[in-house]
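Novice: no FASTA, just this:
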């Protein structure tokens with residue numbers, strides 16, 4: 001005979017939507033803000049990790065800075081966009097500010113010589129196009145090229161938005177994307 005105890009549990013209340021949580025958090029409700037953090041931090045961390053070149057420490061710092069800034073600015077949030085979109089934009093801005101602060105952002109751009117040297121690097125023996133290979137190849141890109149590639153190809157931004165955010169010409173954004181893609185192909189051992 002199976003001796004088991006079954007306990008009845010009350011159904012959990014439906015999860016609050018972002019707008020409800022944002023209004024409550026703007027009013028000082030820390031539990032609501034914790035819910036916002038838990039809901040949005042994984043996606044934002046993934047974005048920040050890519051923008052920070054695979055540096056977990058830099059991505060965590062940028063995530064923390066993003067949510068501190070969001071806590072401060074939440075009372076001014078106008079609900080003209082989705083909360084996730086607003087947080088996404090704050091995260092990108094935070095990461096780009098961190099990149100600019102760590103060294104002059106333009107100086108971090110490797111230029112043609114460094115890109116050619118990167119293309120000459122031998123690719124490790126590995127399975128082609130695995131997720132880890134893609135992430136490793138992404139980490140090898142110069143910061144500016146990586147930022148353009150992540151924002152355009154992964155996050156779906158338009159070149160005009162990228163150019164405004166990175167303070168560059170639209171043509172420069174397109175050129176950086178072209179270079180980044182070529183470097184990614186070279187690092188993954190693909191021939192064009």
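Specialist: Received the coordinates, thanks. What you see is a predicted model; the values in this text were computed from it and never measured. Numbers count the residues shown, from 1 in each chain.

Novice: what about the longest helix in the chain?
Specialist: Secondary structure of the chain read by DSSP state H shows that its longest helix is helix 30-51.

Novice: what packs against that helix?
Specialist: The elements that helix 30-51 packs onto, with contact taken as 3 or more Cβ pairs under 8 Å, 6 or more residues apart in numbering; DSSP states H and E, are helix 18-26, helix 56-73, helix 83-102, helix 143-149. Yep, even glycine has a C-beta here, placed from its N, CA and C like the rest.

Novice: Mind putting the ones you listed into CSV with mean pLDDT, mean neighbour count and distance to residue 169?
Specialist: Below are the helices and strands packed on helix 30-51 laid out as CSV (pLDDT from 0 to 100; neighbours: other Cβ atoms under 10 Å; distance: least, Cβ to Cβ, whole Å):
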stretch, mean pLDDT, mean neighbour count, distance to residue 169
helix 18-26, 94, 18, 35
helix 56-73, 94, 17, 26
helix 83-102, 87, 18, 17
helix 143-149, 90, 25, 12
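
Novice: Redo those as JSON lines? Include distance to residue 136.
Specialist: Output for the helices and strands packed on helix 30-51, formatted as JSON lines (distance: least, Cβ to Cβ, whole Å):
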{"stretch": "helix 18-26", "distance to residue 136": "34"}
{"stretch": "helix 56-73", "distance to residue 136": "14"}
{"stretch": "helix 83-102", "distance to residue 136": "19"}
{"stretch": "helix 143-149", "distance to residue 136": "12"}
